[in-house]
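>>> Just the structure for this:
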Amino acid sequence: MQEKIISRPDQSGSNSCAAIIVAAGSGVRAASISKFTARQDSPFGHDNFKPDNFGLKNFENDLPKQFWQLGDKPVIAHAFDYFHHHPAIAAIILVVAEPFIPYMADILPETQKPVHLVAGGATRQDSVHAGLTALAGLKNCQNIDYVAIHDAARPLIPADLLDNLIAAIGNNYDDKLKNKVIGAVPVLPLADSIKTIDRNNSDNNPTNSRGLISDGLITGGIDRSQLAAAQTPQLFRRDVITKLHDDFAGKGGSTDDCSLAEAAGFKITMVAGAKQLMKLTDADDFAMLSHLVAVDNAAQEYQQQTDDNSMTETRFGTGFDVHKFSDEAGSIWLGGIKLDSDHRMLAHSDGDVGLHALCDAIFGALADGDIGAHFPPSDPQWQNADSTIFLDFATKRVLARGGRILNLDLTFICETPKIGPHRDAIRHRIAEICGISIDRVSVKATTSEGLGFTGRGEGIAAQASASITLPAPSDQNLPDNTAK
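Numbers count the residues shown, from 1 in each chain. You can find the predicted model right below:
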């Protein structure tokens with residue numbers, strides 16, 4: 001097994017956590033390198049990737065997804081930067097396919113933390129074991145209590161996630177393992193109905209050209225209330241997860257590290273995951289991630305250019321949205337939370353009228369079009385989309401202009417469902433999405449006294465207002481209100 005140590009001071013004993021970033025797969029199902037290598041000036045690595053420069057000519061048309069260019073750097077660099085800048089991380093182990101070790105060694109930025117490049121194995125489990133073995137060989141490794149194991153294909157890690165994972169294990173810490181809680185994993189509740197299928201009961205290929213299931217039979221359903229989607233990074237006590245991987249080395253069968261711990265009888269606690277922590281699997285995922293990165297980069301760049309002492313102006317915007325009920329009973333999304341309802345919503349996305357109205361209010365305050373211009377219903381990538389993505393985008397448009405949200409006011413107009421019992425939950429969710437305090441979010445509800453489509457219970461309407469502050473334009477751009 002090849003290992004390359006990037007020359008850095010070994011300070012692995014100064015903090016309590018290490019990170020293993022797994023990027024040894026050869027996933028190329030979405031597209032070829034030619035679609036994703038266009039680069040602008042980047043602080044991370046080369047302006048252009050030339051496979052033959054690193055003995056990688058065989059990969060010229062099939063570059064693994066972890067090396068695709070996402071924003072101003074490769075996918076793998078986003079996770080690396082997160083752990084590199086986190087104060088709790090003492091060392092980083094990068095596990096990549098052996099042919100890519102010279103390339104990674106060349107593009108890695110300087111850091112004061114020890115960084116080790118390790119060749120991965122035939123399976124993810126083998127690759128993680130290789131990373132843990134390299135970690136065990138570090139000087140002062142005994143001072144590292146925890147290890148965060150992360151898939152490089154999840155590039156957008158929320159800023160507070162590692163802190164939340166460390167706190168979750170710390171709250172359950174037991175030196176003698178009496179309660180057997182040895183790890184913490186970010187999870188997301190499942191929003192879609194879960195079905196069992198028979199993919200073999202078909203005369204046709206069960207997947208289409210995009211790798212999606214396109215034929216077969218639905219054979220049943222699964223209660224999703226006890227199910228959740230596991231994400232990474234997954235955080236574990238280093239000593240326990242290392243021994244588990246040593247014991248299970250070469251046996252295979254594990255889809256993630258949490259599964260090994262479960263099989264051995266250990267307990268894993270959970271923290272809230274994040275939509276942005278989506279896994280890059282195909283071209284649709286890449287398009288979504290690129291969209292999120294572009295907006296985030298624009299926000300950061302603009303804030304760096306904005307003088308903190310500049311004059312500001314306050315702007316206001318309003319928004320209105322309507323969605324019709326279907327005849328089918330089920331759950332609906334209102335204000336970012338899921339509610340039981342006698343009727344589902346008819347909509348291109350998830351039909352969250354509250355978040356849609358708020359988006360248009362923010363866009364109105366910015367004079368920046370409307371939700372349909374930014375997320376056209378004619379675009380299939382937004383079908384059944386989570387509307388929190390839209391509100392997060394609108395918020396980042398404010399930040400990109402050097403502004404901030406002062407107040408959001410949302411009113412639902414409907415006969416059903418009753419909003420009152422859920423008012424504070426909706427306020428909390430909106431505040432969370434927009435990164436503002438809950439006292440800046442107002443949620444109200446009213447009826448139309450039996451009049452119109454809402455009075456007949458045919459749908460829900462929502463109206464919203466938003467007030468924001470932006471840097472004031474320079475004097476030469478101000479309107480001349482001088483009397484003529």
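
>>> how far does stretch 313-325 sit from the chain's center?
Its chain's C-alpha centre lies 26 Å from the corresponding centre of stretch 313-325 when counted by CA atoms, centre = their mean, to the nearest Å.

>>> go on, stretch 379-390?
With CA atoms, centre = their mean as the basis, the distance from the averaged C-alpha position of stretch 379-390 to the chain average is 14 Å.

>>> What are the contacting residues of that stretch?
Where contact means CB atoms under 8 Å, 6 or more residues apart in numbering, the residues beyond stretch 379-390 that reach it are 191, 275, 284, 287-288, 292, 333, 336, 348-352, 355-356, 359, 371, 374-376, 433. No exception for glycine: its C-beta is placed from N, CA and C like everyone else's.

>>> how about it: buried residues?
By neighbour count, and taking 16 or more other CB atoms under 10 Å as the criterion, the buried residues in stretch 379-390 are 382, 385-390.

>>> What mean pLDDT does that stretch get?
Regarding stretch 379-390, the rounded mean pLDDT is 82.

>>> Kindly report the same for stretch 285-292.
Here stretch 285-292 scores 88 as its mean pLDDT.

>>> which parts of that stretch are buried?
By neighbour count, and taking 16+ other CB under 10 Å as the criterion, the buried residues in stretch 285-292 are 285-286, 288-289, 292.

>>> repeat for stretch 84-92
For stretch 84-92, a neighbour-count test (16+ other CB under 10 Å) marks 84, 86, 88-92 as buried.

>>> Please work out the average pLDDT along it.
The model assigns stretch 84-92 a mean pLDDT of 90.

>>> List phi and psi for the residue most central in space within the chain.
When CA atoms, centre = their mean is applied to the chain, the residue found nearest the centroid is Q276 (1.5 Å). According to degrees, to the nearest 10, the main-chain angles of Q276 amount to phi -70, psi -20.

>>> cool, and V322?
With angles defined as degrees, to the nearest 10, V322 shows backbone torsions of phi -140, psi 140.

>>> beta partners for it?
Here V322 shows beta-bridge partners A461, assigned using DSSP bridges.

>>> C-terminal to the helix or strand of the chain at the bottom of the mean pLDDT ranking, what's the next element?
For the chain, using mean pLDDT, DSSP states H and E, the weakest element among its helices and strands is strand 3-6, scoring a mean of 46. The element immediately downstream of strand 3-6 (helix or strand, assigned by DSSP states H and E) is strand 17-23.

>>> which secondary structure elements does that next one contact?
The elements that strand 17-23 packs onto, with contact taken as 3 or more CB pairs under 8 Å, 6 or more residues apart in numbering; DSSP states H and E, are helix 75-85, strand 89-96, helix 124-136, strand 146-151.

>>> Identify all contacting residues around it.
Looking at what lies outside strand 17-23 - CB under 8 Å, 6+ apart - the contacts are 12, 64, 66, 76, 79-80, 83, 88-97, 120, 124, 127-128, 131-132, 135, 138, 144-153, 162, 166, 233, 235, 238.

>>> Return the residues in contact with I419.
334, 412, 426, 443-445.

>>> Could you identify which of those has the most neighbours?
L334 (29 neighbours; other CB atoms under 10 Å).

>>> Pull the number of nearby residues for the residue nearest to it when sequence neighbours are not counted.
Across the structure, with CB to CB, 6 or more residues apart in numbering as the measure, the residue nearest L334 apart from its sequence neighbours is G354 (5.3 Å). Here the count is done by other CB under 10 Å, and G354 has 28 residues near it.

>>> again with P189
The tally of other residues near P189 (other CB under 10 Å) stands at 12.

>>> do G221 as well
Neighbour count of G221, defined by other CB under 10 Å: 10.

>>> continuing past the helix or strand harbouring it, what's the next helix or strand?
Taking DSSP H and E as the definition, one finds G221 inside strand 217-222. Past strand 217-222, further along toward the C-terminus, the next helix or strand under DSSP H and E is strand 228-230.

>>> which residues sit against that following strand?
With contact meaning CB under 8 Å, 6+ apart, strand 228-230 is reached by 185-190, 256, 258, 270, 273.

>>> May I see the buried residues of that strand?
Of the residues in strand 228-230, those buried under the neighbour-count criterion (16+ other CB under 10 Å) are A230.

>>> quick one: which helix or strand includes T242?
For T242, the host element (DSSP H and E) is helix 238-248.

>>> What helices and strands are in contact with the helix or strand just after that helix?
Later in the chain than helix 238-248, the nearest helix or strand by DSSP H and E is helix 257-263. Secondary structure elements in contact with helix 257-263, counted by 3+ CB pairs under 8 Å, 6+ apart, are strand 181-189, strand 234-237, helix 238-248, strand 267-272.

>>> Mind checking these for the one nearest to H323?
Minimum separation from H323 across those (CB to CB) falls at strand 181-189, 22.1 Å.
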